[in-house]
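In: fold the following and give me the result.
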Amino acid sequence: MKMHDNIFSCTRNWVPFALLSLSILLVYSNTFNASWQLDDYPNITGNSKLHVKDISPASIYETFFAHPESGKKLYRPIACLTFAINWYFGKENVIGYHIVNNSIHLLTAFILFLTILNLFRSPNLKDKYQGSKYFITLLTATLWAINPIQTQAVTYIVQRMASMATMFYVLGIYFYIKGRTNNSRLISVFSYMGCFLSFVFALGSKENTATLPLALLLVEIVFFQKLHIPGTRRKILWVSVGTLLFFILTGPMLFMKGDLLFFLNGYENRSFTLLERLMTEPRILVYYITQIFYPVPNRLSIVHDITISTSLFEPWTTFPAILIIFLLIGIGISQIKKRPIVAFGILFFFLNHLIESTILPLELIFEHRNYLPSLFLFFPVSVGLIWIIDYYHKTHHSMYLIIISFVTLLLMGLGSATYIRNMAWATEKSLWEDAMKKAPGRARPTYNFAKHYLKKTGHYDQALLFYERAFHLKASKPKYSQALCLNGMASIYYLRHEYDEVIKLCKKALKIYPGFQIIRLNLIRALIKMENLDEALSNVDVLIEKYENNSALLNLKGFILIKHGKYAEALLFLNRAHDLAPRNKIVLLNIGVSLSLAGDYADANKIFQQVLQIFPDDIALYLYLIENSIKAEDLPSVDRYLTRLSFLFDRVSIESELNSLSEEHFLIPFSRELITPVVHKRINGTG
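Out: Presented below is the predicted three-dimensional model:
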């Protein structure tokens, strides 16, 4: 093996980079057209803060606050910025997003390669594996990169947050090792600066990378400290305890406004308690390990049907799983001195499950959570495989060929399994059909399949059956899930114009989950359709009480008040909405309509003209101006706007706008009965 290592050394690192690139390209070659899925919609396609029209400092700054639910707090700014740049160049075309995701995966694998390569320069490894370090390093990076467990972090577009965070995390470790092993003080200083910046960028991609200081401490203990020296262990113990306490105390200060009991928030909506989660997660961690080392596609899914542990022996696997976790951690700690690679692989894995697999009220299981923890798990595996290959190379040539063939087949098998698993991500239909087969008792796959099925086929009755089935299945947030299913059913009845049924279902959903804003909005829509304006107003007030500075809700109240004939009162709320969103076309048009209906035609005309300056190519604005001028009996203005309308737009476009009358966006439409005759007269050339 030494001769082959010399070849790698001579060609430096471009050969490993090329091999990693080829491997990743092959196994992820069927992902470039994989569709948007699940959280991609609220986080990217439906997130207006990421839909930048230019790459100006102001636009970039806006992307830093692109939380899908609250646009006021800083939210994963580095990852969100990359999504915004993708949107700027490609909008909803998924190819660009997948190119970036796969590139991040490649870079992470290569940085992992460089990191492990530099670990061999550390004091506790520099005299070991010198003839095999390149093969060990390349095999480790390859086994990690093409393992099917990584598909959720790479192919699921929004999980760029996890993969990018991991890239900066391992880059931070790389810089730390470079700083510790370099003899140049200047290079060491720059390396430590690079480590700190990598930490900042990792945190800016996803918060679970807050464990990086602990990981660096682990690197220091395992690979740089001489544990046989008297006093070293005691010093390490005190430093470790101090670092852990600092981590525990500063985490809530940085991310949860000083609330030390922040982890209790959210359990009220879960189907499990904090204690049940702590008992269930060891079983999940054991399952993760089996997935990593036996990653056949039929064991991988976006949703898993996990039975919650209600006691140490219910289900019976709970206590054995807890023992296995403690045993593995114990092995990791005990092997730090004799087998540092084994120790580091084990302890790094559990360290990086500390945030997402312990006390926080998150979903119980997601495969992308292993992307970071699994980085060094294949390090001891590769050492073992290379040791076996070297041993039989010297003693038993036939066995040597068998082992080489096994490793080759292992790599081919992993790559094939990754390629096959990626097929499930091709469309929403394929993903949720796959999940329904693997987790038939869970509500999420059936609900999402129903949603997709309705969108693609329009078959109302069949979609209703899927929603009804999902309503009775298990979910990690039972009340939320049931409310979602009822809302899905209500959306079908809305499309059928059965508004009484919509109102009944929405009220039932709100009784189960009162704070569901979207359901209350759907209830308001149905109440408006039924002309039940007083009840619609009372429901809008419920929302405004919670979101008092929401321009869309203020516009909605103004819209209902206009329909109620309360124009002056409507203007109070519409003007507040305008103050919050000065360029919002719908708000401005509703203000203009309200003024026009109140008989203030001159001021209405000014508002419509103001909107026209912002949106000069909008046909509807001319129709509003024509309507207002007809009401004001201003015939010269009617003629002027008709002339400009017929000059700027073709007949088909004008007819289309006249026929697209709708109140779905809470905008009072123009009067088609009033303006259609005069518009037809002009465009038909008879007036």
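In: on contacts alone, who are the packing partners of the host helix or strand of residue 216?
Out: In this assignment (DSSP states H and E), residue 216 forms part of helix 212-219. Packing contacts for helix 212-219, counted by 3 or more C-beta pairs under 8 Å, 6 or more residues apart in numbering; DSSP states H and E, involve helix 160-181, helix 185-203, helix 232-255, helix 340-351. In short, each C-beta sits where N, CA and C put it, glycine included.
In: quick one: what helix or strand has residue 669 in it?
Out: Assigned by DSSP H and E, residue 669 belongs to no helix or strand.
In: for residue 585, see how far away it is.
Out: 14 Å (C-beta to C-beta, to the nearest Å).
In: same question, residue 159
Out: 35 Å.
In: neighbour count for these two, which is higher?
Out: More crowded of residue 159 and residue 585, by other C-beta atoms under 10 Å: residue 159, with 26 against 16.
In: just checking, the more buried one touches residue 370?
Out: No - contact between residue 159 and residue 370 fails when scored by C-beta atoms under 8 Å: they sit 11.5 Å apart.
In: residue 528 against residue 536, yeah?
Out: Yes - contact criterion C-beta under 8 Å: residue 528 and residue 536 qualify, at 5.3 Å.
In: list the contacts of residue 176.
Out: 191, 192, 195, 216, 219 (C-beta atoms under 8 Å, 6 or more residues apart in numbering).
In: any regions of the stretch 101-250 of the chain where pLDDT drops low?
Out: Applying pLDDT under 70 to the stretch 101-250 of the chain flags the ranges 230-234, 246-250.
In: right, and residue 364 touches residue 284 too?
Out: Yes - if you go by C-beta under 8 Å, residue 364 and residue 284 touch, sitting 6.2 Å apart.
In: how many neighbouring residues does residue 391 have?
Out: The number of residues packed near residue 391 is 13, by other C-beta under 10 Å.
In: got the contact list for the host helix or strand of it?
Out: Using DSSP H and E, residue 391 sits in helix 378-395. Residues outside helix 378-395 that contact it (C-beta under 8 Å, 6+ apart): 1, 116, 129, 131-132, 135-137, 139-140, 143-144, 147, 339, 341-342, 344-345, 399-400, 403-404, 407.
In: just the buried residues from these, in PyMOL please.
Out: The buried residues among those can be selected in PyMOL (16 or more other C-beta atoms under 10 Å) with this line:
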select buried, resi 1+116+129+132+135+136+137+139+140+143+144+147+339+341+342+344+345+400+403+407
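In: before we move on, back to that, just put the contacts of residue 176 in TSV and tack on neighbour count and distance to residue 62.
Out: Compiled in TSV, the contacts of residue 176 are given as follows (neighbours: other C-beta atoms under 10 Å; distance: C-beta to C-beta, whole Å):
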residue	neighbour count	distance to residue 62
191	20	34
192	15	33
195	21	30
216	19	33
219	20	37
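In: and after the worst-scoring helix or strand of the chain on mean pLDDT, which helix or strand comes next?
Out: Lowest by mean pLDDT, DSSP states H and E among the helices and strands of the chain is helix 2-10, with a mean of 48. Going down the chain from helix 2-10, the next helix or strand is helix 14-27, by DSSP H and E.
In: and that next one, which residues are buried?
Out: Neighbour counts over helix 14-27 (16+ other C-beta under 10 Å) mark 16, 17, 20, 21, 23, 24, 27 as buried.
In: what sits up against the host helix or strand of residue 542?
Out: Using DSSP H and E, residue 542 sits within helix 533-546. For helix 533-546, contacts defined as C-beta under 8 Å, 6+ apart pick out 515, 517, 520-521, 523-524, 527-528, 550, 553-554, 556-557, 560-561, 563-564.
In: three-state assignment of residue 360?
Out: Assigned state for residue 360: coil (three-state reduction, DSSP: H, G, I helix; E, B strand; the rest coil).
In: what's the answer for the one 4 residues further on, then?
Out: Local secondary structure at residue 364 is given as coil here, using three-state DSSP.
In: compute the number of surrounding residues for it.
Out: A count of nearby residues for residue 364, using other C-beta under 10 Å, gives 19.
In: now do it against residue 422, distance only.
Out: Going from residue 364 to residue 422 by C-beta to C-beta gives 24 Å.
In: next: residue 152.
Out: According to C-beta to C-beta, residue 152 and residue 422 sit 10 Å apart.
In: what does residue 382 give?
Out: Separation of residue 382 from residue 422 (C-beta to C-beta): 24 Å.
In: ok, those two, which is more surrounded?
Out: Neighbour count, other C-beta under 10 Å: between residue 382 and residue 422, residue 382 has more, with 25 against 20.
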